[in-house]
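Student: Generate a structure from the sequence data that follows.
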Amino acid sequence: MLAMPRLAVVRYAGLGGSVLLAVAAWLGGATNPWQPTIKPGTIFAGDDGVLLPIAWLLGTGLLITAWVLGVRAVPSARWAYVTAGLWMLPLLAFLPLGSYDAYSYACQGWQQSAGLDPYAGGVDVLGCPWADAVAPTWRDAPAPYGPLFLVLAGVAAKTGSLAGTLAGLRVIALVGVALIAVSLPVLARRGGVPLGRAVWLVLACPLVPIHLISGAHNDALMVGLMVSGLAFAIARKGWAAGLLLGLAVAVKATAVVVAPFALLLLLDCRKLPVDNSAVLSPPRRSVRHVPGWAGEAMAPREATYNTVRRGWRPAAALAGGLVLALAGVSLVSGRGFGWVTALSGSGVSVQWTSLPTAIGMTIDLVGPDAVPVTRVLGIVALAVVLAYLWWKARHRDALLYAGYALAATVLLAPVFHPWYAFWPLAVLAATLHTHLKWLVVPCAVASALCLPDGYNLALAVKAQGAVAMTAFIIYLAWKSVHEAKNRAAERRRADHVPDRLSGPDA
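Tutor: From the prediction side, this is the model:
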């Protein structure tokens with residue numbers, strides 16, 4: 001563990017980085033009206049001055065470095081909570097960083113509050129007093145978000161001013177972060193992970209102050225409701241879990257991928273007979289050896305429930321809560337289920353940071369337009385992977401596999417934005433015991449991808465990035481097949497080892 005002076009360096013270096021990012025947001029954040037994007041070329045040409053790029057570069061570097069250094073040195077959960085809160089504060093009062101999405105949210109909220117249907121068209125069709133602030137890419141796109149978020153954005157827009165609406169959107173994001181904060185202790189206890197480390201990995205991650213707080217992305221609320229639903233599933237509260245997961249889906253449809261794993265969490269205590277020795281012995285990978293939750297042994301009567309006969313009750317509660325929440329919010333919003341058909345509009349962005357899109361872009365360099373095809377194949381592959389993960393999770397840690405499912409969704413989705421990396425982080429940080437670099441490195445890179453007003457640095461190397469990403473995918477596939485063959489060969493050798501006691505010496 002780090003000494004107190006070094007802990008202070010970690011805390012206040014990150015705070016200094018957050019202050020510098022607040023300066024970058026003040027000088028060059030997403031503005032109204034939308035202005036030509038700050039790009040690497042404009043920075044090197046001196047068009048944006050000196051202070052803006054320096055504040056962004058140093059601020060991002062300090063925040064990421066402090067987060068990485070603190071991963072294995074958090075003294076307590078309280079210290080992690082306080083430090084993460086300090087890092088968020090400086091960015092609350094300035095322009096959005098890293099994206100113009102907050103202005104799209106504001107216009108969708110205005111349309112909702114004005115009685116218009118945000119699923120019927122973009123601002124170029126329905127209008128908005130702040131339409132000039134919406135990025136051109138999204139001006140003709142209908143809202144791709146669920147009805148709960150539209151209702152909340154509509155409430156924020158009732159302030160009548162853009163500044164007031166942005167403030168309301170940040171309050172919504174803070175509510176999401178607060179839900180994550182109160183749910184993490186349940187998830188970390190279930191996963192056997194130190195709470196301080198889980199809190200640090202999730203709430204102190206630079207993605208939170210930069211994109212969830214400053215950028216006011218609705219991913220904060222979606223993830224907050226989602227992990228709250230998982231926490232209630234761990235506590236075996238089926239209706240509450242279903243309601244919260246339904247509300248999460250009513251923000252962004254992505255949250256639906258964890259629902260099947262929430263069912264496994266509800267059924268977890270009904271699978272096996274009592275094994276009190278598992279409470280005293282070190283935990284193993286499979287939750288089959290940890291009968292209770294939070295380290296408690298199951299009562300004999302609970303343990304003897306038959307999963308097949310009794311499993312329908314928690315399944316019905318979970319599904320009933322989810323459907324009730326979705327139907328209720330859809331009716332309250334006045335938009336019905338029109339948001340389901342509007343989801344296709346989110347694929348307008350074409351960037352190599354999405355694996356299926358990168359493969360399509362690489363093929364495009366030498367042949368026909370393949371991006372639509374590879375995106376469809378990616379969705380098919382995702383469906384197969386999610387089914388496989390759920391099947392494996394039946395006899396393993398369902399919470400861990402829910403995190404894997406979110407990670408697979410991020411990797412195989414048609415579109416990737418930096419803040420999407422936060423989806424699996426909020427679950428995996430509370431379940432992974434080793435290989436933390438697979439959480440830290442992607443999130444650190446994602447945190448540095450966007451310039452202050454939203455220009456994604458991936459756009460500067462579209463062809464090169466697509467080829468590099470495709471080569472990386474091919475390498476990972478080859479390595480996976482090679483390791484699988486080696487494991488199979490080792491098993492065959494182990495099965496055919498000659499009996500040392502055979503023959504006359506036996």
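
Student: any idea how the protein splits into domains?
Tutor: Under automatic domain parsing, the residue ranges defining each domain of the chain are 99-348+424-453, 350-416+456-492.

Student: of all those domains, which lies closest to Gly41?
Tutor: domain 350-416+456-492 (8.4 Å; Cβ to Cβ). To be clear about C-beta, it is placed using only N, CA and C from the backbone, and glycine gets the same treatment.

Student: okay if I get the domains of the chain as CSV plus mean neighbour count?
Tutor: Shown next, in CSV, are the domains of the chain (neighbours: other Cβ atoms under 10 Å):
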stretch, mean neighbour count
domain 99-348+424-453, 21
domain 350-416+456-492, 17
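
Student: Least reliable of these by average pLDDT, please.
Tutor: Among those, domain 99-348+424-453 has the lowest mean pLDDT, at a mean of 85.

Student: Sticking with the spatially most central residue of the chain, tell me its helix or strand.
Tutor: In the chain, the residue lying closest to the centroid (Cα atoms, centre = their mean) is Trp423, at 0.9 Å. Secondary structure assignment for Trp423, by DSSP states H and E: helix 422-428.

Student: follow-up on the earlier one: and the residue nearest to the centre of the chain, what does it touch?
Tutor: The neighbours of Trp423, taking Cβ atoms under 8 Å, 6 or more residues apart in numbering as the test, are 219, 223, 254, 406-407, 409-410.

Student: Not counting its neighbours along the chain, what's nearest Ala235?
Tutor: Taking Cβ to Cβ, 6 or more residues apart in numbering, and ignoring the residues beside it in sequence, Ala235 has Val186 as its nearest neighbour in space, at 6.9 Å.

Student: how near is the one you found to Leu266?
Tutor: 14 Å (Cβ to Cβ, to the nearest Å).

Student: What of Leu365?
Tutor: The separation that Leu365 has from Leu266, given Cβ to Cβ, amounts to 48 Å.

Student: try Gln108
Tutor: Look at Gln108 and Leu266: by Cβ to Cβ, they are 34 Å apart.

Student: Please apply the same query to Pro206.
Tutor: With distances defined as Cβ to Cβ, the gap from Pro206 to Leu266 amounts to 34 Å.

Student: cool, Leu86 as well?
Tutor: Leu86 is 37 Å from Leu266, by Cβ to Cβ.

Student: Ok, Cys205 next?
Tutor: Shown here: Cys205 relative to Leu266, a distance of 29 Å by Cβ to Cβ.

Student: now do Ala241
Tutor: Distance of Ala241 to Leu266, given as Cβ to Cβ: 7 Å.

Student: any residues in contact with both of the two?
Tutor: With Cβ under 8 Å, 6+ apart, Ala241 and Leu266 have common neighbours 233, 317-318.

Student: Out of those residues, the closest to Pro142 would be?
Tutor: Proximity of the shared contacts of Ala241 and Leu266 to Pro142, judged by Cβ to Cβ, is greatest for Leu318, which lies at 30.0 Å.

Student: I'd like to check which residues are in contact with the nearest residue to that closest one once chain neighbours are set aside.
Tutor: Spatially, and ignoring its direct neighbours in sequence, Leu318 is nearest to Gly242 (4.3 Å; Cβ to Cβ, 6+ apart). Applying Cβ under 8 Å, 6+ apart, one finds that Gly242 lies in contact with 229, 262, 317-325.

Student: what's the answer for Leu207, then?
Tutor: Going by Cβ under 8 Å, 6+ apart, the list of residues near Leu207 reads 418-419, 421-422, 425, 443, 446-447.

Student: Using TSV, lay out those residues together with distance to Val82.
Tutor: Rendered in TSV, the data for these read as follows (distance: Cβ to Cβ, whole Å):
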residue	distance to Val82
Pro418	26
Trp419	24
Ala421	24
Phe422	21
Leu425	20
Cys443	21
Ala446	25
Ser447	21
